[in-house]
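**Q** 3D, please:
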Amino acid sequence: MDSVDPMMGLDVRDEDTDSLATIPLAILPFDSVTLRGLRMVKNNGLESVVQMFDDDKTGAGHIKPRDLKRTIGEISPEDFGIVNKVSELHSFDVYCLRIALRDHGIQVNDTRFLKLSPSMQSELDRYVGPFTARLIKAIYGDDSPGAANPDVSQLLKDADVNQVREKLKLIAGKIQIDLAKVPQFLEDYGDIYLSIAYYRNRLDELEPIADDFVAGMEAITSNHQLQGNTEIVAAAKKMRDKVNKMREVLRGRFQLFTQSTNEMWDDMNADRFADFKQMVEENHAALGGLLCKLGVKLDAWHAKFPSRDTAGPNRMADFLMTDMRPGF
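**A** From the prediction side, this is the model:
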């Protein structure tokens, strides 16, 4: 279900909120009414462009930020400054935006636009479950009915005030934090693992496409006709190695998070969780940037070649040189 901005009456699509490569400009404090109805996207060259329209028949109309003044006469210097700052981001996912917009002093019209959509959160349950189950198990033990369906946000939702108070005391004792800090701890715990799940889910979506792309590069480099073109062969090898290296780095980050979680739970307390939370947040920009770049390029490859037998090495080589290599 999409959100509607109560201030402007503009729709903010869930697919945009959940994207690494799209930001609905309605969430930003623009004076320009025109800007509020547009989106900024990463094009196939990995440039940030303002999307004026996107139609199945006519295609997409993109304008580079520096050319906006010629297209939108009403744009103010303040609006232009925001556009330029946002365009420099390597990823538009909500976790990178939270940090980047705060650092730039840019307010959003509603903080709910810096959260994943409910449908995306539900989709990520399979990733978040093991981490939230560990928290619930640590608090209540193996016999907890909540361990079968872990949801950190439900821990303090109880009609009985006395029951809630007892839960607060139990959690505070287990995690070694002040009673008043328990609700914020639970919110942070759920959110930080949701961010890990979000990035991990995107990598898992891209893995089979990456396998197809690597196979395509192998087909190019082993093709007798193309082997005489040293530029194409070199580009194919370089792109193959780069995609594999990016996947290796991303997998390593997720392995680090899992290892750090295990170490944290050996002696769980508020300080250790704060250190872990900081480590994950410091990785958001790197994770978002890598996944955005990888996603834009591999999605373009998959759209052109939905399966490995869609085209031969020559067609793949042409697309590699014209569409895949630029910006990568």
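**Q** alpha carbons of the helix or strand in which Tyr95 is found, as CSV, please.
**A** Taking DSSP states H and E as the criterion, Tyr95 maps to helix 94-104. What follows is helix 94-104, C-alpha atoms only, in CSV (Å, rounded to 0.1, in the frame of the first residue of the first chain):
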residue,chain,number,x,y,z
VAL,A,94,16.2,4.7,3.3
TYR,A,95,19.2,3.7,5.6
CYS,A,96,21.7,5.7,3.5
LEU,A,97,19.2,8.6,3.2
ARG,A,98,18.8,8.8,7.0
ILE,A,99,22.5,9.4,7.5
ALA,A,100,23.2,11.5,4.5
LEU,A,101,20.1,13.9,4.8
ARG,A,102,21.0,14.4,8.5
ASP,A,103,24.6,15.2,7.7
HIS,A,104,23.5,17.7,5.1
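**Q** what packs against that helix?
**A** helix 77-87, helix 270-304 (3 or more Cβ pairs under 8 Å, 6 or more residues apart in numbering; DSSP states H and E). (Each C-beta comes from the backbone N, C-alpha and C, glycine too.)
**Q** tell me what angle that helix forms with helix 77-87.
**A** Per axes from the mean of the first three to the mean of the last three Cα atoms, to 10 degrees, the angle that helix 94-104 makes with helix 77-87 is 140 degrees.
**Q** what comes up buried for helix 94-104?
**A** Val94, Tyr95, Cys96, Leu97, Arg98, Ala100, Leu101 (16 or more other Cβ atoms under 10 Å).
**Q** ok, of those, which one's closest to Ile192?
**A** Taking Cβ to Cβ as the measure, Ile192 sits nearest to Tyr95 out of the buried residues of helix 94-104, at 9.5 Å.
**Q** among the helices and strands packed on helix 94-104, which is nearest Glu123?
**A** helix 270-304 (15.9 Å).
**Q** average pLDDT across that closest one?
**A** Confidence over helix 270-304 (mean pLDDT, whole number) is 96.
**Q** next SSE downstream of that helix?
**A** Proceeding N to C from helix 270-304, the next assigned helix or strand is helix 313-319, under DSSP H and E.
**Q** for that next one, name the packing helices and strands.
**A** Contacts defined by 3+ Cβ pairs under 8 Å, 6+ apart place helix 313-319 against helix 182-221.
**Q** can you give me the angle the helix or strand following the helix it packs on makes with helix 182-221?
**A** Beyond helix 182-221 in the direction of the C-terminus, DSSP H and E gives the next helix or strand as helix 230-266. If you take the same axes, to 10 degrees, helix 230-266 sits at 150 degrees to helix 182-221.
**Q** for helix 230-266, what is the average pLDDT?
**A** 95.
**Q** what's the angle between that helix and helix 270-304?
**A** For helix 230-266 against helix 270-304, the angle by the same axes, to 10 degrees is 150 degrees.
**Q** residues touching stretch 319-328, excluding its own?
**A** With contact meaning Cβ atoms under 8 Å, 6 or more residues apart in numbering, stretch 319-328 is reached by 44-47, 216-217, 220, 231-232, 235-236, 239, 242, 293, 297, 300-301, 304-305.
**Q** so for that stretch, what's the average pLDDT?
**A** What stretch 319-328 shows for mean pLDDT is 94.
**Q** just how off-centre is that stretch within its chain?
**A** Counting by Cα atoms, centre = their mean, to the nearest Å, stretch 319-328 is centred 23 Å from the centre of its parent chain.
**Q** give me the buried stretch members for it, please.
**A** Within stretch 319-328, the residues that count as buried by 16+ other Cβ under 10 Å are Phe319, Leu320, Asp323, Met324, Arg325, Phe328.
**Q** check stretch 44-52 too.
**A** For stretch 44-52, burial by neighbour count (16+ other Cβ under 10 Å) applies to Asn44, Ser48, Val49, Val50, Gln51, Met52.
**Q** now render those as CSV, adding distance to Leu186.
**A** CSV is the format used below for the buried residues of stretch 44-52 (distance: Cβ to Cβ, whole Å):
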residue, distance to Leu186
Asn44, 41
Ser48, 36
Val49, 40
Val50, 39
Gln51, 38
Met52, 43
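**Q** out of those, which is nearest to Asp212?
**A** Nearest to Asp212 among those is Asn44, at 17.5 Å by Cβ to Cβ.
**Q** sheet-wise, list the partners of the top strand by length along the chain with their directions.
**A** Across the chain, the strand with the greatest residue count (assigned by DSSP state E) is strand 48-55. Sheet pairing for strand 48-55, assigned by DSSP bridges, gives strand 39-42 (antiparallel), strand 59-63 (antiparallel).
**Q** tell me the most buried of the ones you listed?
**A** strand 39-42 (a mean of 22; mean count of other Cβ atoms under 10 Å).
**Q** thank you, goodbye.
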